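*Asks:* with the input below, show me the fold.
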Amino acid sequence: MRKAYSFSKCGNHRLENQDCVKVATNFFALADGMGGHPQGRQAAELACHLALDAVTSKYGPDIPHRNEIVDVFRDINHEIRKQLPGAGTTLTLLMLSRSTYCAASIGDSRVYRIDKSAIHQLSMDQNLFSTTGISDQRNILTNYIGRYNIDPPTISIAALAPSTRFFLSSDGLYGAVNLSEFFKEGAASEESTVMANLEILATKNDPNDNYSGIFVGRDKND
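*Replies:* Purely as a prediction, here's the structure:
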């Protein structure tokens, strides 16, 4: 059995928290509504709700195939454009079965795999900075939910070890805290303590954006 810990904070520089986190059995979602678009908060909340409903109703405890995951994201995009025209959001998902994990993401929210003290980014930042290297273009997304024609999500499917942990992060959080260093230093700590310390550190660093994270712990039956 894996426990998950999460937080989502508005921060001191935004009027509204447009991030959304959703945790269910073997399902974890994080969405970051786009502040430059109308109804960013509603788009993030709806994207997470639609993702949970699609995955649990269609696939139950099974991990969807790669093409099915692409279809889930396209269906969510269609509904966001239909219900919230002009809105935009990132969407990052983690799905677990007994022996397999699947991470899928559109936008620049991230999902990491944590093995002992090593952290590996499973998603790919879909922003202009990734192609130009110009730091001012980090916040310009090249792919997001709400776009007219979305590109496929980045997808990682692999065997799941009981000791493996995962972390989902909005750009506001990983922009405020060096997560690689943080998890390396806190590798031996209790998972609830790790998450509490991360929230304290992120708040201390005073991000300019909303900041949210989900920490999925190791299998306690291991």
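*Asks:* list the contacts of Arg110.
*Replies:* Going by Cβ atoms under 8 Å, 6 or more residues apart in numbering, Arg110 touches Thr92, Gln121, Leu122, Ser123, Asp125, Leu168, Ser169, Asp171, Tyr174. C-beta: built from backbone N, CA, C; applies to glycine.
*Asks:* same check on Leu173?
*Replies:* Going by Cβ under 8 Å, 6+ apart, Leu173 touches Leu179, Ala202, Pro207, Tyr211, Ser212, Gly213.
*Asks:* try it again with 10 Å
*Replies:* For Leu173, the contacting residues are 7-9, 11, 19, 30, 32, 109-110, 167, 179, 198-199, 201-202, 205, 207, 209-213, by Cβ atoms under 10 Å, 6 or more residues apart in numbering.
*Asks:* which among the residues you listed end up buried?
*Replies:* In the contacts of Leu173, burial by neighbour count holds for 7-9, 11, 19, 30, 32, 109-110, 167, 179, 198-199, 202, 207, 209-213, counting by 16 or more other Cβ atoms under 10 Å.
*Asks:* out of the contacts of Arg110, which comes closest to Ile63?
*Replies:* Leu122 (14.1 Å; Cβ to Cβ).
*Asks:* if I pick the closest one, what's in contact with it?
*Replies:* Leu122 sits next to 92, 94, 101-105, 110-113, 154-158, 166-168 when contact means Cβ under 10 Å, 6+ apart.
*Asks:* give the rounded mean pLDDT of stretch 17-30.
*Replies:* Stretch 17-30 shows an average pLDDT of 96 in the prediction.
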